[in-house]
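1. My questions are about this predicted structure, shown below with the sequence.
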Amino acid sequence: MPPYGEFIFGHEYAGDIVAVGRTVDEFQVGDRVVVEAHMGCRRCENCIRGLYTACLNYGNTRRGHRANGFTTNGGLAEYAVNHVNTLYRMPDAVSHEEAVVVMTAGSPLYGLQRAGGYFAGETVAILGPGPIGLMALQLVKAMGAVRVILTGTRPARLALGAELGADVVVDVRHQDPVAAVREATGDKGADTTIDCAGGDETFDQAIKMTKPAGRIILVGFYHRPVTADLADAVRRNLTIYTERGEGGTTVGQALALLAAGRIRARELVTHTFPLSRVHEGFHALERRTGDPVKVIFHP
Ligand SMILES: [Zn+2]
């Protein structure tokens, strides 16, 4: 990332088109759209293969790469400029607020896609009941998982997880998450584990709670180097996947799932503020005032 202060941040946003570029005939003024943050450079070998969130020119605006809200101007503004290939038309039944949250679903959905996209009959453990984890929970169920075990520290978020379909919720302040998953699976371990927390201990926990030859998908960003028992992962033949951002046009897929009622987004919106009170919104998030999940700003 370039230093803060050099661009407008906010990478999850939706809006109405007020102007189109000369060659754009896919959209018209007035269309309601939601965005994805990443536009690859379209000239490196990864972009040519469709891996645009892993663009080799990431952050290089001169070569055409844009990650709106990360390296170029994003959505905390009244107007934003987006390349046409980062826009998805919103179905009529989907509100702007829901569409913004669906953008959050793109990232875990890309992780699920990278891990093979097939979870029929599986028990899946998800660490971290934040917006990404709450979306991963619904997505993996929409993709065939029969049982989800959700672990975390905040009771309000765990309760929301239960409402959105988690079969077992584990408050890690009172229960050892590895023991809880082992107990819930008859000591087998989860078929797939998704780390949406990115905590100091969650990668190691993910390894220990996954069955032999199971899958681990790392979605949350770790804030510093973490320690994990990788020998255990090797000995038990685990496969570890990573993902970056909402690649593979997964925002569009998540939007379709939302419109079809397979995933829910409205429940995640706990706070709304006018854009003029943006600082209050960030304070609410930082101080956890009123158990925020998603804070939405309206211009
Ligand atoms: Zn590229």
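-> Nice, thanks for sending it over. Residues are numbered from 1 along each chain as shown.
2. How about the stretch 1-150 of the chain, which of its residues are in the neighbourhood of the ion?
-> When proximity is defined as Cβ under 5 Å from the ion, the stretch 1-150 of the chain approaches the ion at 40-41, 44, 47, 55, 57. From N, CA and C alone the C-beta is placed, and that goes for glycine too.
3. And the strands in the stretch 1-150 of the chain?
-> 14-16, 32-35, 38-39, 66-67, 87-89, 123-127, 147-152 (DSSP state E, counting those that start in this stretch).
4. and the ones you listed, which is most packed in?
-> strand 123-127 (a mean of 28; mean count of other Cβ atoms under 10 Å).
5. Reformat the strands of the stretch 1-150 of the chain as a markdown table; add mean pLDDT.
-> Listed next are the strands of the stretch 1-150 of the chain as a markdown table, based on pLDDT from 0 to 100:
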| stretch | mean pLDDT |
| --- | --- |
| strand 14-16 | 97 |
| strand 32-35 | 97 |
| strand 38-39 | 96 |
| strand 66-67 | 96 |
| strand 87-89 | 96 |
| strand 123-127 | 98 |
| strand 147-152 | 98 |
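6. Is it possible to get JSON lines of these that adds distance to residue 239?
-> Listed next are those as JSON lines, based on distance: least, Cβ to Cβ, whole Å:
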{"stretch": "strand 14-16", "distance to residue 239": "35"}
{"stretch": "strand 32-35", "distance to residue 239": "32"}
{"stretch": "strand 38-39", "distance to residue 239": "25"}
{"stretch": "strand 66-67", "distance to residue 239": "28"}
{"stretch": "strand 87-89", "distance to residue 239": "31"}
{"stretch": "strand 123-127", "distance to residue 239": "14"}
{"stretch": "strand 147-152", "distance to residue 239": "19"}
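7. Looking at those, which is nearest to residue 211?
-> Taking Cβ to Cβ, strand 123-127 is the member of the strands of the stretch 1-150 of the chain nearest to residue 211, at 8.8 Å.
8. so how far is the ion from the residue lying farthest from the centre of the chain?
-> Relative to the C-alpha centroid of the chain, counting by Cα atoms, centre = their mean, residue 22 is the outermost residue, at 32.7 Å. Per Cβ to the ion, to the nearest Å, residue 22 is found 24 Å from the ion.
9. State the pLDDT value of that residue.
-> The model reports residue 22 with a pLDDT of 96.
10. How about the contacts made by it?
-> By Cβ atoms under 8 Å, 6 or more residues apart in numbering, no residues touch residue 22.
11. Let's verify the residue of the stretch 101-250 of the chain found nearest the ion: helix, strand, or coil?
-> Per Cβ to the ion, residue 247 is where the stretch 101-250 of the chain lies closest to the ion, at 11.6 Å. Following DSSP: H, G, I helix; E, B strand; the rest coil, the label given to residue 247 is coil.
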